[in-house]
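1. Let me see the structure of the following:
(2 chains, ligands or ions: 1)
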Amino acid sequence: MTVIYLDNNATTRVAPEVLEAMLPFLREAYGNASSMHGFGGNVGKFISEARERTAQGLGCSPEEIIFTSCGTESDNTAIFSAVRSQPEKRHVVTTRVEHPAVLNVASHLEIAGYEVTHLKVDELGRLDVQELEDSLRPDTALVSIMHANNENGVIFPLERIAEIVKSRGILLHTDAVQTVGKLPIDLQKLAVDFLALSAHKVHGPKGMGALFVRRGVPFRPFMLGGHQEKGRRAGTENVAGIVALGKAMEMAAAGIDEENSRVKALRDRLEQGIMDTVPDVRRNGDPESRLPNTTSLAFKYIEGESILLMLDQHGICASSGSACTSGSLEPSHVLRAMGVPFTFAHGSIRFSLSRYTTDEEIDLVLRELPGIVSRLRAMSPFTGNDETAAGCAC
Amino acid sequence: MWDYTDKVRDHFLNPRNAGPMDDPTVVGEVGSLACGDALKLFLKIDDTGRITDATFQTFGCASAIASSSVLTELLKGKTVDEAAAITNKEIAMELGGLPREKMHCSVMGQEALESALKRFRGELEPLVKPEGEIVCKCFGVTDVQIRRAITENDLTTVEEITDYTKAGGGCGECVLDLERILAETRGTEPAKPKPAAPKRKLTNLQRMQLVTKVIDEEIRPSLKKDRGDIELLDIEGAKVLVSMRGACSGCPSSQLTIKELVQRRLRDAVDPDIIVEEVRS
Ligand code: FES
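-> Numbers count the residues shown, from 1 in each chain, chains lettered A, B, ... in the order given. Predicted coordinates:
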């Protein structure tokens, strides 16, 4: 059975060109970039090239890029660096809908005695910029706000946020793991101090990320050891991964127009098609400002895992907004923060497309999904019974 | 992705006896949408006390649907007494096993069956009142359910209790009680209780004033941010009676808000013995 992969916010297929670019470094060119001999040392120039390509994709300078192992490491590095470089400041601002790579660091800081403000979102997943402004204090060390949300695709007004935060002289970090390659990013205009990205979300391999650190921003390394990355991130370079990231970033930058037109049109067709044929569906997230490849739809009266498994029977891969594990059959923290009613939240499904998604794949989903939903609804004790199903997620 | 057996997959993809029943003799119900799974079991029972037909409606994941489906198969043709002997273990075994974390789906089957049979015997009012004391407020699990899960499944840890009953999987406030019930049921030494928080000596008037102050100045503004509200109805000794308002009224998570936010804050600020209870109007 062919796989119809509509879970690209979780990970993406490695682009064939990216794979080609990295293979030599897993085969013959296996030298260590730190070695004194030419065999190893020569790979150093490929690292520089990849750094340039990555920087170009972000509109920054190569020296502002630190290669890391993933988006999580980049987020962790940025946050810990910001608080360690300003030990007198004990307040951090973030949102309730961040990725665990930020939220869990925030909880860790809270345990360590920091005060953390978690900004709310409204029912469309939007931030209140005024609330952000009001939360800033003289002792705020960092504001960490994602560029776009992985679950509902909602894009936060980062330029406006940057204006506010920077006018107060506070450091600003953004987790841009979901936006790099999908939205144009120009760090000359976007005044963030740190920006995290991950290769496997842009058709690169897993286990590779990067962190942008604006020139002049105080920095404390997260990983200590050798002198790699100018001492800012120790550890033998993952040369193949770095080269792959460089290639992936180059391709992503070239593919942004496509993402914004073809992929968006496919996404809209999928979304509209489902909403036209399936009753009692609602969209999670701001329709105005969201990623071109993402749609999160909530199917009333039924539960996400069941939908996913039935889709899986047709080779369709998507993801659910509910963590159906022991004791936490809870809708995701993002859906809860948005106040999505339980009737809908448990049945939320995210489809996220990529440059490889085809028209035929969307057709197949549109063909199969309505039947799946009605089969499950026929089995649900809540179908059509809003009274027993009522509830809110406050 | 869960590691489901072929039989679970089969019953999920081709559920037997799915859908409501016309004219059932009796219906058993458990769970709620807020909890993330629910099961309605319909039984037709003839004059000799034999189950001639069984169907179900389930809201939940694949293993919840599979457990319900296999249960209806197990029930058909059994007498009421034979059916009463079916346990969650049997449901899970019939499916070739369930992932540990999904065992509560089989427990849900057993409970729906029990509720149906009790109704059949006239032991249950139309609205089911759970037997025993609610221990886990997040998921409405009683001590009777917990003890039974422990004995019937030979559970030895609190994590296992959570896997089988969901108790303890929310705010975690019931974990100490779960430890105690586990120890009692297994006849082992109870885990050492945490040292009690030092008590403040407050007069009734002081306590009332302090509770009102904390609710007005801290709790209410934070609920209002989420379009909710709270009203202080009465204070009886250590018991604080409140009513949730606005977006919080009728919210299935209001118990969580009351225990997590209101009670915890009042215990910290006023008296560690405070118990907050919601009066639903
Ligand atoms: S988890 Fe049991 S009371 Fe919250």
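
2. which residues of the stretch 101-250 of chain A fall in helices?
-> Under the criterion DSSP state H, counting those that start in this stretch, helices of the stretch 101-250 of chain A are mapped to A:129-135, A:158-167, A:239-258.

3. of all those, which lies closest to the ligand?
-> Ranking the helices of the stretch 101-250 of chain A by proximity to the ligand (CB to the nearest ligand atom) places helix A:129-135 first, at 28.9 Å. Bear in mind the C-beta positions are built from the backbone N, C-alpha and C, glycine included.

4. State which one residue of chain B is found closest to chain A.
-> Chain B approaches chain A most closely through residue B:169 (1.4 Å), counting by CB to the nearest CB.

5. What pLDDT is listed against that residue?
-> Looking at residue B:169, its pLDDT is 77.

6. Out of the helices of the stretch 101-250 of chain A, which is closest to chain B?
-> Comparing the helices of the stretch 101-250 of chain A against chain B with CB to the nearest CB, the closest turns out to be helix A:129-135 (9.0 Å).

7. Just the C-alpha atoms of that closest one, please, in PDB.
-> What follows is helix A:129-135 as a C-alpha-only set of coordinates in PDB (Å, rounded to 0.1, in the frame of the first residue of the first chain):
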ATOM      1  CA  VAL A 129      -0.200  41.300  22.300                       C
ATOM      2  CA  GLN A 130      -1.400  43.600  25.000                       C
ATOM      3  CA  GLU A 131      -1.200  40.900  27.600                       C
ATOM      4  CA  LEU A 132       2.400  40.200  26.400                       C
ATOM      5  CA  GLU A 133       3.200  43.900  26.800                       C
ATOM      6  CA  ASP A 134       1.700  44.000  30.200                       C
ATOM      7  CA  SER A 135       3.600  41.000  31.400                       C
END
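
8. Averaged pLDDT, that helix. What do you get?
-> The average pLDDT within helix A:129-135 is 98.

9. the bottom helix or strand of chain B by mean pLDDT?
-> One helix or strand of chain B scores below all others by mean pLDDT, DSSP states H and E: helix B:254-256, with a mean of 69.

10. by contact count, what packs against the next helix or strand after that one?
-> Following helix B:254-256 in sequence order, the next helix or strand is helix B:264-269 (DSSP states H and E). Applying 3 or more CB pairs under 8 Å, 6 or more residues apart in numbering or on different chains; DSSP states H and E, we find helix B:264-269 packed against helix B:204-214.

11. Buried residues, the helix it packs on. List them.
-> Under the neighbour-count criterion of 16 or more other CB atoms under 10 Å in any protein chain shown, helix B:204-214 has B:207-208, B:210-211, B:214 buried.

12. before we move on, back to that, tell me the most buried of the helices of the stretch 101-250 of chain A?
-> Highest mean neighbour count among the helices of the stretch 101-250 of chain A (mean count of other CB atoms under 10 Å in any protein chain shown): helix A:239-258, with a mean of 23.

13. quick one: contacts of the following helix or strand past that helix?
-> As assigned by DSSP H and E, the chain's next helix or strand after helix A:239-258 is helix A:264-277. Contacts of helix A:264-277 with the rest of the structure, by CB atoms under 8 Å, 6 or more residues apart in numbering or on different chains, involve A:281, A:283, A:292-295, A:297, A:351, A:353, A:357, A:359, A:362, A:365-366, A:369-370.

14. For these, work out which two are farthest apart.
-> Using CB to CB, the pair of the contacts of helix A:264-277 lying farthest apart is A:292 and A:370, separated by 24.3 Å.

15. Between those two, tell me which one has more neighbours.
-> Taking neighbours as other CB atoms under 10 Å in any protein chain shown, residue A:292 and residue A:370 compare with residue A:292 leading, 21 against 16.

16. what about the closest residue in space to that one that isn't next to it in sequence, distance to residue B:234?
-> Nearest residue to residue A:292, sequence neighbours excluded (CB to CB, 6 or more residues apart in numbering or on different chains): residue A:264, at 3.7 Å. Residue A:264 is 57 Å from residue B:234, where distance means CB to CB, to the nearest Å.

17. Same drill for these two, tell me which one is more crowded.
-> Neighbour count, other CB under 10 Å: between residue A:264 and residue B:234, residue A:264 has more, with 18 against 12.

18. Hmm, residue B:143 and residue B:132 touching each other?
-> Yes. Counting by CB atoms under 8 Å, residue B:132 touches residue B:143, with 4.7 Å between them.

19. so what does the helix or strand harbouring residue B:242 touch, helix or strand wise?
-> Assessed by DSSP H and E, residue B:242 sits inside strand B:239-246. Contacts defined by 3+ CB pairs under 8 Å, 6+ apart place strand B:239-246 against strand B:228-236, strand B:275-278.

20. Which members of the contacts of helix A:264-277 are positioned in strands?
-> Using DSSP state E, A:281, A:283, A:294-295, A:297, A:351 are the members of the contacts of helix A:264-277 that sit in strands.

21. Buried residues in stretch A:230-240, which are they?
-> By neighbour count on 16+ other CB under 10 Å, the buried set for stretch A:230-240 is A:232-233, A:237-240.

22. Spell out which parts of the stretch 151-281 of chain B neighbour the ligand.
-> Within reach of the ligand by CB under 6 Å from any ligand atom, the stretch 151-281 of chain B has these residues: B:167-174.

23. Can you select the buried ones among the residues you listed for me in ChimeraX?
-> To isolate the buried ones among those in ChimeraX, judged by 16+ other CB under 10 Å, type:
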select /B:167,168,169,170,171,173,174
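
24. Helices of chain B, residue ranges please.
-> Shown for chain B, the helices assigned by DSSP state H span residues B:6-13, B:62-75, B:80-84, B:88-94, B:103-120, B:143-153, B:158-165, B:175-186, B:204-214, B:220-225, B:254-256, B:264-269.

25. pLDDT score for residue 257?
-> Since no chain was named, I'll use chain A. Among the per-residue scores, residue A:257 holds a pLDDT of 94.

26. To clarify, I was referring to chain B.
-> Confidence at residue B:257, expressed as pLDDT, is 76.
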